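[1] need a structure here:
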Amino acid sequence: MADLEELAVQLFDAGAVRLGDIEAKVGRRTPIYFDLRVIVSHPRIMMAVARHLEKLAKEINHDVLCGVPYAALPLAAVMSVNTDTPMIMKRKETKLYATKRLLEGIYYKNQKCLVVEDVVTSGGSLLETVETLRREGLVVSHAVVVLDREQGGASVLEANGVIVKSVFSLSCLVNTLYKAGRINDETVGMIVDHIKECQFGMKDNLD
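    Next up, the predicted model:
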């Protein structure tokens, strides 16, 4: 547990956790925002995050990895190298020339694909990737994520046949940062209220 607590503080100090009245996706506002893209500039932190994701992945039977574009791609790549597990990449849009593929890499029908994601809020981005993989004949039943914001996304994904395993839940992360003196009581209260007030379901999986 101590190494997870240390990692939480490192992520905060590196700027991967931002506080304030911040505009998130689709015009939503949040008192806490996660930008895990910054960890590409912090190799040790990125390695630590990948290692924790690998621990979760060990419990899941899979043949290939696929990171949700774009923030999770570096993490999936590190996991692939560390565990000698093949990786495939989903493009944001279909390639308009040559192979015209939406997925890059080598894969086969009925292979088990483990999806890697940075943050799950409503589950929409992850679900979009899952649906693409399934259309290509891959079997997707699990995803490993760095943070579950506990706003309904995991339930949306479970309803679509995907079990989410997370390194951090938002509640645990906030509690850790509070104990470490990085955030105060007022901020904790605002975040707890935000989790309760902003819950997503099947009709609003927009993240």
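[2] the helix or strand of the chain with the lowest mean pLDDT: how far from the chain's middle?
    Ranked by mean pLDDT, DSSP states H and E, the weakest helix or strand in the chain is strand 17-23, scoring a mean of 81. Relative to its chain's centre, strand 17-23 lies at 18 Å (CA atoms, centre = their mean, to the nearest Å).
[3] which element is the nearest residue to residue 3 once chain neighbours are set aside on?
    Nearest non-adjacent residue to residue 3, counting by CB to CB, 6 or more residues apart in numbering: residue 48, 7.6 Å away. (Glycine included, C-beta is placed from N, CA and C.) Assigned by DSSP states H and E, residue 48 falls within helix 43-57.
[4] for that helix, report the contacting residues that lie outside it.
    The list of residues contacting helix 43-57 from outside it, by CB atoms under 8 Å, 6 or more residues apart in numbering, reads 3-4, 7, 10-11, 14, 16, 36, 39-40, 65, 74-75, 78-79, 82-83, 114, 116, 144, 146, 165-167.
[5] next, the buried residues of it.
    Judged by neighbour count (16 or more other CB atoms under 10 Å), helix 43-57 contains these buried residues: 45, 46, 48, 49, 50, 52, 53, 54, 56, 57.
[6] and the nearest residue to the fifth one once chain neighbours are set aside, how far is that from residue 67?
    When you say that, I think you mean residue 50. Distances taken as CB to CB, 6+ apart put residue 78 closest to residue 50, at 4.0 Å, once the chain neighbours are dropped. Separation of residue 78 from residue 67 (CB to CB, to the nearest Å) stands at 10 Å.
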